[in-house]
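S.K.: Give me a model of this one.
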Amino acid sequence: MNPSEAILNRQAKLSAALRQANLPALVLNPGPSLTYLTGLHFHLSERPVLVIFQPDQAPVIILPQLEKAKLDGLSYSMQAFPYGEDPATWQSVVRQGLQQAELLSGSVGIEPRQLRVLELRLLEGAAPELQFASGDTVVAGLRMSKDSAELTAMRRAAEIAQNALKATLPMIKAGLTERTIAAELTLQLLRAGSAGEMPFSPIVSTGPNSANPHAFPSERKLAEGDLLVIDWGAAYDGYFSDITRTFAIGKVGEEEQRIHQIVQQANAAGRAVGKPGAACEAVDQAARSVIEAAGYGVYFTHRTGHGLGMEGHEDPYMRSGNRQLLQVGMTYTVEPGIYLTGRNGVRIEDDMVITPEGCESLTDLPRELIYLS
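M.R.: Have a look, this model is predicted:
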């Protein structure tokens, strides 16, 4: 399937999903979902962009005049309502777009995590009688299962990330700062082929900092006996990877070795249960039960994983209570951890895809504790 066919196929699936959800329309602003459904790329900026999708109708786009050239050569119809630089005129243009879609009242779907107050106020002012409902489940239902082209991009993103870490490891030694290592890894990601807009800045944390799952690289220097957690990812053709490995700086204590072994076992257990029809919570339970049985359950403070694709975190989520069933093409992380506050932490994370036979890891770097001098 070529890119144009993929976009038209996605829009057709959206039409069916909107009808099933009893939503007459979906309104999106710039972000992964808009790109997924149109193939167009816009940055969030002070100039708003809105696209209105309705079942079996050409999308309506409201955009700055300076961006209109992006519509040239589209393989599908799109009704454009461009506006100029005077913000006082923007609301009237939004109203024109809504009128064209016959959406001055009723209910439309939005993405609550993506739509800004800027766009919301314009919509409210243009159509005071319009009601807004969450369209998250509609969009997530389309994006969760990746097609072959999406999986090809994700495999490449994983390969790039792994190659970048391999190029970085030889320079890591005691005395270097977390920030220095993060900077080198970022450089190697770009050299290996990652797009500049990565899923997140690399997390490089050592010793007590490694007990903070979302630590920012600091000026702390690596020291003998530290565990070093590196959480990083690459971007390729709009899709992300997200990997974590934990290393030892010189000789580490027995408990540090033990918790790494436990997390490695938990990671393996979480990876093993993925298959079509398994519940997301089963992935969490499989990994968590290993850590709890070892007596460290209280130190595993987050869900086992999250969906991955055009965003670093997206549906589905591997957490307790999530009974959503895994389907072929779904991609997600398995990343159990143990965090001993004020001492050291461990996390091991892999990127998974559900296959007809079970699941496959897109990442294959060694998961054993690797000792760095």
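
S.K.: Now do the contacts for the most centrally placed residue in the chain.
M.R.: Central residue of the chain (CA atoms, centre = their mean): residue 312, 2.0 Å from the mean position. Counting by CB atoms under 8 Å, 6 or more residues apart in numbering, residue 312 makes contact with 199, 200, 233, 240, 242. (Each C-beta comes from the backbone N, C-alpha and C, glycine too.)

S.K.: Name all residues that make contact with the fourth one.
M.R.: Going by CB under 8 Å, 6+ apart, residue 240 touches 154, 157, 198, 199, 233, 234, 308, 309, 310, 311, 312.

S.K.: now the helices: where do they sit in this protein?
M.R.: 3-20, 32-38, 90-100, 117-126, 136-143, 148-168, 178-192, 254-272, 280-293 (DSSP state H).

S.K.: Of the ones you listed, which is nearest residue 319?
M.R.: Nearest of these to residue 319, taken as CB to CB: helix 280-293 at 5.4 Å.

S.K.: List of residues touching the closest one?
M.R.: 262-263, 265-267, 269-270, 272-274, 297, 299-300, 303-305, 316-326, 332, 334, 336, 338.

S.K.: mind running it again at 7 Å?
M.R.: 262, 265-267, 269-270, 272-274, 297, 300, 303-305, 316-324, 326, 334, 336, 338 (CB atoms under 7 Å, 6 or more residues apart in numbering).

S.K.: In PyMOL, how would I select just the buried ones from these?
M.R.: Here the buried members of the contacts of helix 280-293 are turned into a PyMOL selection, burial being counted by 16 or more other CB atoms under 10 Å:
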select buried, resi 262+265+266+267+269+270+273+274+300+303+304+305+316+317+318+319+322+326+334+336+338
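
S.K.: Wait, residue 229 touches residue 205, no?
M.R.: Yes. Using CB atoms under 7 Å, residue 229 and residue 205 qualify as a contacting pair, with a distance of 4.9 Å.

S.K.: how long is stretch 357-373 end to end?
M.R.: Stretch 357-373 has an end-to-end distance of 41 Å (CA to CA, to the nearest Å).

S.K.: Could you list the low-confidence segments of the chain?
M.R.: 1 (pLDDT under 70).

S.K.: on that earlier part again, out of the contacts of residue 240, who has the most neighbours?
M.R.: Using other CB atoms under 10 Å as the neighbour criterion, residue 157 leads the contacts of residue 240 with 30 neighbours.

S.K.: quick one, what contacts it?
M.R.: Counting by CB under 7 Å, 6+ apart, residue 157 makes contact with 234, 235, 236, 239, 240, 241.
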